[in-house]
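Trainee: make a model of this:
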Amino acid sequence: MDNIQITGLFKRGRRNECSRYPLIVLIHGGSMNAAYFDDSIYSTPRDLSDLGYDVLNIHRPGHGPNPIPDTQTPFEDGLPVFVEFIAQVYEKKCKARGGIILIGHS
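Mentor: Numbers count the residues shown, from 1 in each chain. You can find the predicted model right below:
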(Lines give C-alpha, C1' and ligand atoms only; values in the text may rest on other atoms or scores of the structure.)
Protein backbone atom coordinates (compact mmCIF):
# COMPACT_ATOMS: atom_id res chain seq x y z
CA MET A 1 0.00 0.00 0.00
CA ASP A 2 1.26 3.44 -0.91
CA ASN A 3 0.39 5.06 2.42
CA ILE A 4 2.21 2.53 4.63
CA GLN A 5 5.73 3.61 5.54
CA ILE A 6 8.38 1.65 7.44
CA THR A 7 11.77 3.01 8.42
CA GLY A 8 14.60 1.50 10.37
CA LEU A 9 17.99 2.07 11.90
CA PHE A 10 20.81 -0.12 10.60
CA LYS A 11 23.84 -0.88 12.75
CA ARG A 12 26.82 -2.66 11.21
CA GLY A 13 28.32 -5.49 13.25
CA ARG A 14 31.86 -5.08 14.56
CA ARG A 15 33.48 -6.53 11.50
CA ASN A 16 34.39 -4.88 8.24
CA GLU A 17 32.28 -6.99 5.92
CA CYS A 18 29.21 -9.20 5.88
CA SER A 19 29.96 -12.73 6.91
CA ARG A 20 28.14 -15.88 7.87
CA TYR A 21 26.32 -14.02 10.66
CA PRO A 22 22.60 -13.46 10.07
CA LEU A 23 20.99 -10.03 9.91
CA ILE A 24 19.06 -9.48 13.15
CA VAL A 25 15.76 -7.61 12.60
CA LEU A 26 14.12 -6.06 15.67
CA ILE A 27 10.39 -5.22 15.50
CA HIS A 28 8.86 -3.37 18.45
CA GLY A 29 5.38 -3.97 19.85
CA GLY A 30 2.31 -1.75 19.88
CA SER A 31 2.53 1.76 21.38
CA MET A 32 6.35 1.60 21.19
CA ASN A 33 8.98 2.52 18.61
CA ALA A 34 12.48 1.33 17.75
CA ALA A 35 13.81 3.02 20.91
CA TYR A 36 12.24 0.14 22.86
CA PHE A 37 15.27 -1.99 21.95
CA ASP A 38 17.79 0.85 22.19
CA ASP A 39 17.49 2.99 25.30
CA SER A 40 20.14 4.72 27.41
CA ILE A 41 20.46 1.81 29.86
CA TYR A 42 20.29 -1.27 27.64
CA SER A 43 20.87 -1.38 23.89
CA THR A 44 20.09 -4.62 22.09
CA PRO A 45 21.42 -3.23 18.75
CA ARG A 46 24.71 -2.18 20.37
CA ASP A 47 25.16 -5.49 22.17
CA LEU A 48 24.37 -7.56 19.07
CA SER A 49 26.66 -5.35 16.97
CA ASP A 50 29.45 -5.87 19.49
CA LEU A 51 29.00 -9.62 18.96
CA GLY A 52 29.43 -9.12 15.20
CA TYR A 53 25.82 -9.08 14.01
CA ASP A 54 24.33 -6.52 11.63
CA VAL A 55 21.11 -5.18 13.17
CA LEU A 56 18.03 -3.58 11.60
CA ASN A 57 15.85 -1.90 14.23
CA ILE A 58 12.46 -1.16 12.60
CA HIS A 59 9.93 1.60 13.29
CA ARG A 60 6.52 0.11 12.47
CA PRO A 61 3.92 2.07 10.48
CA GLY A 62 2.47 4.87 12.61
CA HIS A 63 5.40 4.77 15.04
CA GLY A 64 8.62 6.75 15.28
CA PRO A 65 8.89 9.04 12.22
CA ASN A 66 6.34 7.03 10.20
CA PRO A 67 2.88 8.51 9.56
CA ILE A 68 -0.24 6.70 10.73
CA PRO A 69 -1.45 4.62 7.78
CA ASP A 70 -4.89 5.23 6.34
CA THR A 71 -6.15 1.67 6.86
CA GLN A 72 -8.13 -0.23 9.46
CA THR A 73 -5.64 -3.14 9.34
CA PRO A 74 -2.16 -1.58 9.21
CA PHE A 75 -0.31 -4.71 10.31
CA GLU A 76 -1.93 -7.01 7.77
CA ASP A 77 -1.81 -4.43 4.98
CA GLY A 78 1.78 -3.63 5.87
CA LEU A 79 3.13 -7.20 5.69
CA PRO A 80 4.23 -6.89 2.03
CA VAL A 81 5.91 -3.58 2.92
CA PHE A 82 7.79 -5.24 5.82
CA VAL A 83 8.94 -8.09 3.59
CA GLU A 84 10.14 -5.74 0.84
CA PHE A 85 11.89 -3.36 3.28
CA ILE A 86 13.73 -6.16 5.08
CA ALA A 87 14.67 -7.80 1.77
CA GLN A 88 16.10 -4.53 0.42
CA VAL A 89 18.23 -3.96 3.52
CA TYR A 90 19.38 -7.59 3.48
CA GLU A 91 20.40 -7.38 -0.19
CA LYS A 92 22.05 -3.96 0.07
CA LYS A 93 23.75 -4.13 3.46
CA CYS A 94 24.41 -7.87 3.85
CA LYS A 95 24.67 -8.95 0.23
CA ALA A 96 22.07 -11.65 1.00
CA ARG A 97 24.49 -13.71 3.10
CA GLY A 98 23.98 -15.28 6.52
CA GLY A 99 20.18 -15.38 6.71
CA ILE A 100 17.74 -13.29 8.73
CA ILE A 101 16.55 -13.61 12.33
CA LEU A 102 13.41 -11.73 13.40
CA ILE A 103 12.99 -10.66 17.03
CA GLY A 104 9.66 -9.12 17.92
CA HIS A 105 8.04 -7.70 21.03
CA SER A 106 4.36 -8.21 21.92
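Trainee: show me where the protein dips below the pLDDT cut-off.
Mentor: 1-2, 16-19 (pLDDT under 70).
Trainee: what residue in this protein is the furthest from its centre?
Mentor: residue 72 (22.7 Å; C-alpha atoms, centre = their mean).
Trainee: got the contact list for that one?
Mentor: Residue 72 makes no contacts at all, as judged by C-beta atoms under 8 Å, 6 or more residues apart in numbering. Bear in mind the C-beta positions are built from the backbone N, C-alpha and C, glycine included.
Trainee: can you give me the helices in the protein?
Mentor: For the chain, the helices defined by DSSP state H cover 44-50, 74-94.
Trainee: what helices and strands are in contact with the first one?
Mentor: Under the contact definition 3 or more C-beta pairs under 8 Å, 6 or more residues apart in numbering; DSSP states H and E, helix 44-50 sits against strand 7-11, strand 23-27, strand 55-59.
Trainee: using CSV, lay out the ones you listed together with mean neighbour count.
Mentor: Shown next, in CSV, are the helices and strands packed on helix 44-50 (neighbours: other C-beta atoms under 10 Å):
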stretch, mean neighbour count
strand 7-11, 17
strand 23-27, 22
strand 55-59, 24
